[in-house]
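Visitor: structure here, sequence nowhere to be found:
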């Protein structure tokens, strides 16, 4: 799983890694080693990212429109998976307004805040810290949600000594 995450974030930064990462997802799917919903959300997000790098506006639109149902399918397959919610949420967060995905992103972010206290131990601490930092910076959280995330950060710092 760590290899997929590394390749994914490399692809976000460097478009030349996109095809390699999509091929890796296909390999993982054939090997049946990782939850299919998780592979589907990563594949969907990367497909949308291909739209970011496409030169033609039609191609951009096509890739994004192809990616949205893939990510939604993944979320429906495993709607309590924080990683799926985060990948879909951040991908849709950065889409232009005319794709009408802001509500999906916001709903995912609130769901993550609700779920994370019970499942944060299932993920690497640095990943959880990055998720919390993103949510604090980019989402409109109520005071209780902010306090929840701050408590989690304090707990992680106590455990992992940051």
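Guide: In hand now; what should we look at? From a predicted model like this one, the values you see are computed outputs, not experimental measurements.

Visitor: list the helices and strands the helix or strand bottoming out on mean pLDDT in the chain packs on?
Guide: Lowest on mean pLDDT, DSSP states H and E among the helices and strands of the chain sits helix 143-160, with a mean of 90. Under the contact definition 3 or more Cβ pairs under 8 Å, 6 or more residues apart in numbering; DSSP states H and E, helix 143-160 sits against helix 102-119, helix 125-138. No exception for glycine: its C-beta is placed from N, CA and C like everyone else's.

Visitor: export these to CSV and append columns for distance to residue 47, mean neighbour count and mean pLDDT.
Guide: CSV is the format used below for the helices and strands packed on helix 143-160 (distance: least, Cβ to Cβ, whole Å; neighbours: other Cβ atoms under 10 Å; pLDDT from 0 to 100):
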stretch, distance to residue 47, mean neighbour count, mean pLDDT
helix 102-119, 16, 17, 96
helix 125-138, 21, 16, 93
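
Visitor: can you put those helices in a markdown table and add distance to residue 7?
Guide: Output for these, formatted as a markdown table (distance: least, Cβ to Cβ, whole Å):
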| stretch | distance to residue 7 |
| --- | --- |
| helix 102-119 | 22 |
| helix 125-138 | 14 |
